[in-house]
Structure formats: structure tokens, C-alpha cells
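Q: got a predicted structure plus its sequence, pasted below:
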Amino acid sequence: MQKQKKMNCHVLVVDCEEDSRRFMAKIIGSLVQEVSQVADAEGCLQAVRQLQPDIVVLNVGVGLIRSLIKVIGESSVSCRTLAVVSFWDEADEVAGADGVLAKPIMKKDLLGLLKQLQPGQ
């Protein structure tokens with residue numbers, strides 16, 4: 001079986017639940033060249049400024065996701081946002097996100113969205 005080539009991008013995973021964050025980072029790390037992790041909104045904003053990721057995966061609750069999307073969008077850093085929601089009916093509530101995934105997350109769906117959101121696409 002041929003090993004899949006990793007995408008040339010940096011993804012920041014934001015999730016307040018450690019196990020979930022580590023799991024998501026591990027999956028994404030098998031798909032992209034660089035992954036960083038933070039646990040909260042403050043860490044997210046610092047990491048966006050310092051690391052300038054290409055994609056930020058937000059799994060921190062709909063209200064906080066909306067706020068982070070707004071702040072990231074107003075920053076001078078050019079990155080795309082992927083919101084992870086618990087239910088598809090919450091997708092409208094994170095309308096500013098560049099991509100939305102509902103749980104349970106399938107690896108193929110995550111890969112497809114990361115490909116769409118990577119730089120140059």
C-alpha cells in the first residue's frame with residue numbers, strides 16, 4: 001500500500017478537552033506536515049499570531065467558535081477556519097467558518113475539507 005503524501009500546511013487544533021485535542025491532532029498529523037495544539041481561546045489567539053497556521057480547527061463550543069472566527073478574521077494573519085460542531089443544525093451558527101464538520105468526524109471528510117482549505121486551493 002502506497003503511503004499518502006502529507007499536505008504542505010500547518011494546522012492549529014483548538015479543543016478544551018485534552019483527549020479529544022490529542023486525538024484530532026494525531027489524525028490531522030497523519031495528513032499534514034505540521035500540527036500545533038492549544039486548549040483555549042487565549043492560547044488560540046496567541047498561537048495564531050505567533051505561529052501563523054494555515055488552518056485553525058475550532059472544537060470549543062459554538063458561541064466561542066463564533067467569537068474566535070470573528071477575531072481571527074479581523075487579524076492581520078491570513079488563515080482559514082474549520083469549525084467542529086456537535087450537530088449539523090449548529091452549522092448555521094458558525095456561518096463565518098471556511099468549513100464545518102459535525103461529529104462524529106469521519107477521517108475522509110476531514111481530509112477532504114483540509115484539502116479544500118489548504119493554501120493555494
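A: Nice, thanks for sending it over.
Q: what about the helices in the protein?
A: Taking DSSP state H as the criterion, the chain carries its helices at 18-29, 41-51, 62-74, 107-117.
Q: please state the offset of the second one from the chain centre?
A: Between the mean C-alpha point of helix 41-51 and the mean C-alpha point of its chain there is a distance of 13 Å (CA atoms, centre = their mean, to the nearest Å).
Q: list the contacts for residue 54?
A: Neighbouring residues of residue 54 by CB atoms under 8 Å, 6 or more residues apart in numbering: 9, 10, 11, 79, 80, 117, 118, 119. All C-beta spots, glycine's among them, are computed from the backbone N, C-alpha and C.
Q: which other residues reach whichever strand in the chain runs longest?
A: Ranked by residue count and defined by DSSP state E, the top strand of the chain is strand 7-15. Residues from elsewhere that reach strand 7-15 (CB under 8 Å, 6+ apart): 21, 24-25, 28, 31-41, 43-44, 47-48, 51-60, 68, 79, 84, 114-115, 118-119.
Q: what's in contact with stretch 93-102?
A: Residues contacting stretch 93-102 (CB under 8 Å, 6+ apart): 58, 62, 65-66, 69-70, 73, 80-88, 90-91, 109-110, 113, 116-117.
Q: ok, now stretch 25-33?
A: For stretch 25-33, contacts defined as CB under 8 Å, 6+ apart pick out 4, 6-11, 13, 35, 37, 57, 107, 110-111, 114, 118.
Q: end to end on that stretch, go ahead and measure it.
A: Stretch 25-33 has an end-to-end distance of 11 Å (criterion: CA to CA, to the nearest Å).
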